[in-house]
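Student: Here's my sequence, what's the structure:
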Amino acid sequence: MRGGSSRGLGLPATPDPQFKADALAGLASSIPAIPARWLYDHRGSELFEQITELPSYYPTKTEGALLAEILPELATVIPDGLAVVEFGAGSSTKTPPLLRAIDPAAYVPVDISGDFLEQSAADLRKVVPGLAVLPVAADFARPFDLPATVDGMAKLGFFPGSTIGNFVPRSATDLLRHFRDLLGTGALLLIGMDRVKPVERLVAAYDEPEGVTAAFNLNLLDRINRELDGTIPVDAFAHEARWNDILSRIEMHLVATRDVDFTVDGQAFAFTAGQSIHTENSHKYGQRGARVLLLAGGWTPLREWEAPGGDFSLILAEAQPNRFAP
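Tutor: Residues are numbered from 1 along each chain as shown. Purely as a prediction, here's the structure:
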């Protein structure tokens, strides 16, 4: 999911080259857009944690209640002694009850925000003493290596929060195949998927009156200013959440409220009033659509659990051996 400028903090010694490339290319595109993963610097990660506690942001609470309900059943179908690999771990708030229920040998939280990840890992070691916690600072959508410690262990991928919804279907399929390649044949995947529901409720979850999601979105511009020597007037942009019915997704945009010129890394950009930077998607799935997506990504659904009213689902899938023919 999810300004004034912070340039006074100074530029980092080595700005992330991929962030720089994505920001420059995205701002120059005919349809300006920046990948959602760059929303999650340290400040962005903190703001997202605040978002998950807001009354209108239903996904975290709904998924958490559903996970707590199914833990006894999960404990009977997930073998002990495996390595749990959580993609986009954040603060790992949902994870301790799962780890206690299934008794793994190791936990590998993967997150793009390295300093935030290290603090979360330190906190988790206190909550689940004796468990090997092996954080990996990486963009989980790109190739990375798991710690050598978990080589040879059976693995459970954990991908909660409906984060899969941030990816367009083609990219989501590629991501699921990437997870399969990383975890290996025979691995399990526990994934959360948000469901289609009334538009008013969807929009309210991504544009709440408290303004935390707006701050989360606008923080991207602050990050560009701080890390890429940007001169973006953050107060010239406003957060907007839109429901795109044909694509079944909430979109987050940063919309220019006036004509504005600025530079990033010395390159000049101009936005007219009403033009936007597309920063995030959150696709919502029906029951059959969720299963087809998993199958396209190489994962065979084994069990599925629904929250009351069909608001949210958790699906356990397996990377079964490829078959020669149906």
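
Student: which residues of the chain score low on pLDDT?
Tutor: For the chain, applying pLDDT under 70 flags the ranges 1-13, 91-92, 326.

Student: How about the residue nearest the centre of it, nearest residue that isn't a chain neighbour?
Tutor: By CA atoms, centre = their mean, the chain has its centre lying nearest to T163, at 4.1 Å. Leaving out its chain neighbours, the residue that sits closest to T163 by CB to CB, 6 or more residues apart in numbering is G88, at 5.1 Å. The C-beta positions use only the backbone N, C-alpha and C, and glycine is treated the same way.

Student: Ends of stretch 33-45, what's the gap?
Tutor: 20 Å (CA to CA, to the nearest Å).

Student: List the contacts of that stretch.
Tutor: 1-2, 19, 22-23, 26-27, 48, 90-91, 111-113, 115-116, 139, 141, 166, 216-217, 219-220, 222-223, 252, 277-281 (CB atoms under 8 Å, 6 or more residues apart in numbering).

Student: Could you chop this protein up by domain?
Tutor: 7-35+214-283, 58-197+285-318 (automatic domain parsing).

Student: Could you export those as CSV, including distance to V203?
Tutor: Output for the domains of the chain, formatted as CSV (distance: least, CB to CB, whole Å):
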stretch, distance to V203
domain 7-35+214-283, 5
domain 58-197+285-318, 11
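
Student: Look at I277 and tell me its secondary structure.
Tutor: strand (DSSP: H, G, I helix; E, B strand; the rest coil).

Student: Any idea what it is bridged to?
Tutor: Assessed by DSSP bridges, I277 has beta-bridge partners L254.

Student: residues near the residue nearest to T163, how many?
Tutor: 21 (other CB atoms under 10 Å).

Student: give the contact list for it.
Tutor: Counting by CB under 8 Å, 6+ apart, G88 has contacts 110-112, 140, 159, 161, 163.

Student: how near is it to L295?
Tutor: G88 sits 22 Å away from L295, going by CB to CB, to the nearest Å.

Student: Quick one: neighbours of D207, just the number.
Tutor: 18.

Student: Against Y58, how distant is it?
Tutor: The value you get for D207 to Y58, if CB to CB is used, is 14 Å.

Student: which residues are in contact with the helix ranked longest in the chain?
Tutor: Using DSSP state H to define each element, the chain has its longest helix at helix 58-77. Residues outside helix 58-77 that contact it (CB under 8 Å, 6+ apart) are 52-53, 93-94, 97-98, 101-102, 160-162, 190, 192, 194, 201, 205, 302-303, 305-307, 311-314, 316.

Student: Contacts for stretch 14-21, please.
Tutor: Contacts for stretch 14-21 (CB under 8 Å, 6+ apart): 38, 139, 227-228, 265.

Student: got those as a markdown table, with neighbour count, distance to M153 and secondary structure columns?
Tutor: Listed next are the contacts of stretch 14-21 as a markdown table, based on neighbours: other CB atoms under 10 Å; distance: CB to CB, whole Å; DSSP: H, G, I helix; E, B strand; the rest coil:
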| residue | neighbour count | distance to M153 | secondary structure |
| --- | --- | --- | --- |
| W38 | 21 | 32 | helix |
| D139 | 17 | 23 | coil |
| E227 | 24 | 36 | helix |
| L228 | 21 | 40 | coil |
| D265 | 13 | 43 | coil |
